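**Student:** sequence first, predicted model second:
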Amino acid sequence: MELLEHMEVIFKLAVQYGVLLMECVGVVILMVTTAKSIWGCIKRDPHVRLTLAQGIALALEFKMGGEVLRTVIVRETNELIILGAIILLRGALTFLIHWEIGNEEKHLGG
């Protein structure tokens, strides 16, 4: 029984570090995209909105991946409901951003 408890602790730590890594990657992507977009605004780049939207979408996908991974270690129903709501919200945001990217690409292409 002790072996299973140790395996569970190791698994939980691995998942927590995975979530932390995915969340950090999402934050770094968002920060880099923001800096590039600010520079694009200064240079009056016509593609700055597209660059920003693509960066936000990618960052949200990493953050959503972290939330999905977090569901592995959830023990209580309330936590699962909250995580589900977060995943749905981030999924809706990602969908809207991808829709905006499509519109922006049409606008720049036409």
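**Tutor:** Ah, there it is.
**Student:** need the longest helix for this protein.
**Tutor:** Of all the elements of type helix in the chain, the one with the most residues (DSSP state H) is helix 2-42.
**Student:** so residue 46: helix, strand or coil?
**Tutor:** Following DSSP: H, G, I helix; E, B strand; the rest coil, residue 46 is assigned to coil.
**Student:** whoops, residue 78 was the one
**Tutor:** Per three-state DSSP, residue 78 ends up helix.
**Student:** and the longest helix of the chain, what does it pack against?
**Tutor:** The contact analysis (3 or more Cβ pairs under 8 Å, 6 or more residues apart in numbering; DSSP states H and E) places helix 2-42 against helix 48-70. (C-beta placed from N, C-alpha, C; glycine too.)
**Student:** run through who's touching the helix it packs on.
**Tutor:** 15, 18-20, 22-23, 25-27, 29-30, 32-34, 36-37, 40-41, 45, 83, 86-87, 90-91, 93-94, 97-98, 100-101, 104-105, 108 (Cβ atoms under 8 Å, 6 or more residues apart in numbering).
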